[in-house]
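# Quick one, what's the 3D model for this:
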Amino acid sequence: MSSWKKASKSNQKTHRERHQPQSREHLGILEKKKDYKKRSNNAHHKEKTLKFLHKRALNKNPDEFYHHMINSKIKDDEHIEFDKPDEHTKDQLSLMETQDMKYINMKRTMETKKIKRLQSQLHMIDFANQVKNKHTFFVDGEEVDLKKFDIAKRLETHPSLLDRKTNRPRMEDLQKFNIPDVSKEDYKKINEKKEQSYMELSKRIEREKELSVVQQKLELKRLLQQKRKRKPKQIRPGTKDTAPVIKFKYERKK
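Numbering: from 1, shown residues only. Below you'll find the model as predicted:
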């Protein structure tokens with residue numbers, strides 16, 4: 001019986017899909033049932049989506065708040081995301097992409113040593129002259145002529161040293177050490193050299209801070225790439241001047 005069925009199927013006429021009539025060829029290929037099913041399923045999917053969105057709009061709470069409200073706006077019926085502030089500077093990104101941890105650590109150590117050497121030479125005492133403060137003199141008598149009051153004579157120092165709040169020697173000490181006279185040009189060159197040293201120190205301090213931020217970001221990036229059972233939690237995002245603060249959950253080590 002089964003052999004008869006096989007024989008009957010082999011002798012059957014093959015079924016062919018009806019083609020588009022010649023008079024309707026300008027309308028394109030004739031749609032088959034599988035094409036209709038695709039178009040029908042797509043239409044039903046869109047209809048269900050519209051019904052779901054309509055239902056959600058009806059049930060929406062006007063007092064509801066979510067963070068995307070303040071991170072975007074609607075312009076010409078289109079959602080536009082606000083630009084977030086850059087977390088890294090261009091120099092930090094280039095260092096993170098091209099250099100590794102050892103190089104950053106080496107450069108930071110070099111900057112730290114140079115900062116210590118400059119600080120030991122400058123002593124940072126000239127900043128005391130820029131601080132505004134008061135110096136009160138107590139004199140004998142009720143009335144004193146302020147125009148005739150000689151401050152240099154009272155402090156027992158040279159008039160050119162009155163602007164100094166530190167390293168203000170007395171006349172006795174100046175006569176003792178026999179300090180040679182310094183011309184105005186030499187004094188100006190000395191001050192310029194000192195200002196250059198202070199500028200170099202401030203730049204190196206900024207450079208050391210930037211390298212420390214890059215080092216912290218690289219360390220965090222390396223730690224985040226490691227496989228963990230529990231996902232770490234970000235407490236504070238990173239900025240150009242600070243690394244992000246991330247809390248890692250304790251995992252027992254074997």
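
# switch to C-alpha atoms for all contacts and neighbour counts from now on
OK.

# for the stretch 101-250 of the chain, what spans make up the strands?
When secondary structure is read from DSSP state E, counting those that start in this stretch, the stretch 101-250 of the chain shows strands at 233-236, 245-247.

# Relative to Gln216, which of these is closest?
strand 245-247 (10.0 Å; C-alpha to C-alpha).

# which residues are contacting that closest one?
Contact with strand 245-247 is made by Pro232, Lys233, Gln234, Ile235, Arg236, Pro237, Gly238, as judged by C-alpha atoms under 8 Å, 6 or more residues apart in numbering.

# State the number of residues packed around the third one.
This means Gln234. 12 (other C-alpha atoms under 10 Å).

# about what we covered before: nearest to Ser202, of the contacts of strand 245-247?
Taking C-alpha to C-alpha as the measure, Ser202 lies nearest Gly238 of the contacts of strand 245-247, at 23.9 Å.

# Give me the nearest residue to that closest one, chain neighbours excluded.
For Gly238, the nearest residue in space outside its immediate sequence neighbours is Pro244; the separation is 3.7 Å by C-alpha to C-alpha, 6 or more residues apart in numbering.

# what about that neighbour, distance to Glu219?
Distance of Pro244 to Glu219, computed by C-alpha to C-alpha, to the nearest Å: 11 Å.

# what about those two, which has more around it?
It is Pro244, of Pro244 and Glu219, that has more neighbours when counted by other C-alpha under 10 Å, with 18 against 13.

# correct me, but Glu81 touches Met69?
No. At 10.0 Å, Glu81 and Met69 do not qualify as touching, with contact defined as C-alpha atoms under 8 Å.

# These two - which one has more neighbours?
More neighbours surround Glu81 than the other of Glu81 and Met69, with 13 against 10 (other C-alpha under 10 Å).
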